[in-house]
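[1] can you look at this prediction? I've put the sequence above it.
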Amino acid sequence: MRTEAADLPAELRAWILNEEATVAVVTFSLAHCASLTDAEREVARMAGAGMSNRAIAGRRRTSVRTVANQIASVLRKLGVGSRAALATIPEFFG
């Protein structure tokens, strides 16, 4: 499946200069998804779906601070700058 640049969020479109860059961005994101723990994957899915830290903490029966730390770790490992970007990663929502 080929994704057109127009289908991507504006923040990712800025990175894409040509077809090779598109492949590199997708490979980079998916490769880094493998480094997430199971808990981080679950939190990333919920955050990408728009759930608040409080809602995620309630569902996972953990503290809001733990969720915030896990989200920070996910963003750092994936190299993305916002929770909204999590919804664009095929590993979670493809």
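    Nice, thanks for sending it over. Numbering: from 1, shown residues only.
[2] does Ala57 count as helix, strand or coil?
    Per DSSP: H, G, I helix; E, B strand; the rest coil, the local secondary structure of Ala57 is helix.
[3] for Leu86, list the residues it contacts.
    44-45, 47-48, 74-75, 78, 80, 92 (Cβ atoms under 8 Å, 6 or more residues apart in numbering). Where you see a C-beta, it was placed from the backbone N, CA and C, and this is true even at glycine.
[4] among those residues, who's most crowded?
    Ala44 (28 neighbours; other Cβ atoms under 10 Å).
[5] what sits against that residue?
    Ala44 makes contact with 36, 71, 74, 78, 86, 89, 92, according to Cβ under 8 Å, 6+ apart.
[6] any chance of those in TSV with distance to Gly58, pLDDT and secondary structure as columns?
    Compiled in TSV, those are given as follows (distance: Cβ to Cβ, whole Å; pLDDT from 0 to 100; DSSP: H, G, I helix; E, B strand; the rest coil):
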residue	distance to Gly58	pLDDT	secondary structure
Leu36	21	87	coil
Ile71	15	95	helix
Val74	19	91	helix
Leu78	24	84	helix
Leu86	19	80	helix
Ile89	24	74	coil
Phe92	20	61	helix
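[7] now the one helix or strand Gln70 maps to: buried residues?
    Gln70 is located in helix 64-78, with elements delineated by DSSP states H and E. Within helix 64-78, the residues that count as buried by 16 or more other Cβ atoms under 10 Å are 67, 70-71, 73-75, 77-78.
[8] out of the residues you listed, who's nearest Arg54?
    For the buried residues of helix 64-78, the minimum distance to Arg54 (Cβ to Cβ) is 8.1 Å, reached by Val67.
[9] correct me, but that closest one touches Arg59?
    No - using Cβ atoms under 8 Å, Val67 is not in contact with Arg59; the gap is 9.6 Å.
[10] just after the helix or strand of the chain with the lowest mean pLDDT, pick out the following helix or strand.
    With mean pLDDT, DSSP states H and E as the measure, the helix or strand of the chain carrying the lowest mean pLDDT is helix 19-33 (a mean of 51). Using DSSP H and E, the helix or strand that follows helix 19-33 towards the C-terminus is helix 38-48.
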